[in-house]
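K.L.:
only geometry, no sequence info:
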DNA sequence: GCGACAG
DNA sequence: ATCTTGTCGC
C-alpha cells in the first residue's frame, strides 16, 4: 500500500502557464447580467491585472466570442454593440451609454489567473542564476516569432560564433491562445519556443530570446523563463525598454547600465550606427558581463545574427 | 493633460 | 507583433 505521504504528486498544474486565456475570459464574460455592462478594466481586474485592459479590448475586438456587454471606461460602444444593448433596455446616445454608472456591473468573480502567473514568475526569479555556466561559446541559437491570425510561426537559427554563419534553422507553427500583455510575454510565446527548441539538432551553448530577461518588473522576463524551464544559459535581447532607465550609449560598441529601483537590471548596447540601442539582460546561467560580451560579438547589424536570422526565417515561414 | 508598458 | 506604398539615402 502506498501512503499518500510518500506517493508522487498528482498533476500539480498550479500556475503552470497552461492558462487558456479565452476560456478564463469566457468565464468572466458569462457573469455579466442581461441589461448590464462592464468595462475592459473591470474584466482585466477580474483576470488579475488591470494593466491587461488593453489586451482584453484587443482580444474581444477580433475574437468571435466578443460580448456586446463590455465597453470602455467612458461608456463608448462600438457600432455593432448598439443594437444588442438597446434590446436589453440600455440607452445608447451618440454611441455612448447614457448613465453608465447606473448599468455598470462590477461584481465579477474570478480566480485571478494573472495573479497566479505572477506568482509563477516570482518562483522563476527565485531560481535564476546570474553566473556563467558554460565553457567556450561555439554555437548560439536565437528564437523569434511571427504572427498570422491565431497562429504563430516560431523560428530558430543556430549561428557559429566563429564566422556568424547559420548552421541550422527551422520553423514550427503553433496555435496561440494568450494575448500580448506587457510583462506576461512569456505566456504568449514560451510554448512555441519550447516546441521549436525540441527540434534543434546541433549542440548549442547559449540561447538568445527576443525580449527581456532579468530586466523585468519581477526579474522574470521571457529570457529567464526560457532559461529556467529549459535549463540552458539564456540571454534576453529587446529592442525597447519594459522597465528601468538608461542613457543612450554615445559610440558604437558602448553600453550603459539600465537601472530600476537602484538596481542594475541590464545594459543598453549601441550595437550599430543606429542611435537606438538594444537592451541586453541575463536570462539564466549567464552573467551581465558575459551577456553583453556575447551579444556584442554576434552583431553584424543592430540585431545580433541569431535573432536577425530567426526573424527572417519566421517572417518567411508565414506564407506557408 | 501626463504617463506610456518586451512582442 | 501587425496593418501598409512609395520613397529617401548610403
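P.N.:
Received the coordinates, thanks. These figures come from a predicted structure and were not determined experimentally.

K.L.:
Residue A:291 against residue A:281, yeah?
P.N.:
Yes: here residue A:291 reaches residue A:281: they are 6.7 Å apart, a contact under CB atoms under 8 Å. Backbone N, C-alpha and C define where each C-beta goes, glycine included.

K.L.:
Spit out the residues that contact those two alike.
P.N.:
Shared contacts of residue A:291 and residue A:281 (CB atoms under 8 Å, 6 or more residues apart in numbering): A:213, A:235, A:267.

K.L.:
What residues sit buried inside stretch A:51-59?
P.N.:
For stretch A:51-59, a neighbour-count test (16 or more other CB atoms under 10 Å) marks A:52-53, A:55-57, A:59 as buried.

K.L.:
Quick check: pLDDT value at residue A:12.
P.N.:
Listed pLDDT for residue A:12 reads 37.

K.L.:
Equivalent analysis for residue A:2, please.
P.N.:
Taking residue A:2 on its own, its pLDDT is 31.

K.L.:
tell me which parts of the stretch 1-150 of chain A are close to DNA strand B?
P.N.:
By CB under 7 Å from any atom of the strand, the residues of the stretch 1-150 of chain A that approach DNA strand B are A:51, A:144-145, A:147.

K.L.:
same thing but 6 Å
P.N.:
Selection of the stretch 1-150 of chain A residues close to DNA strand B by CB under 6 Å from any atom of the strand yields residue A:51.

K.L.:
what's the answer for the stretch 201-320 of chain A, then?
P.N.:
So far as CB under 6 Å from any atom of the strand goes, the stretch 201-320 of chain A lies against DNA strand B at A:210-212, A:216, A:221-222, A:238-242.

K.L.:
How about residue A:209: what's its closest non-neighbour residue?
P.N.:
Ranked by CB to CB, 6 or more residues apart in numbering and with sequence neighbours excluded, the top spatial neighbour of residue A:209 is residue A:223, at 4.5 Å.
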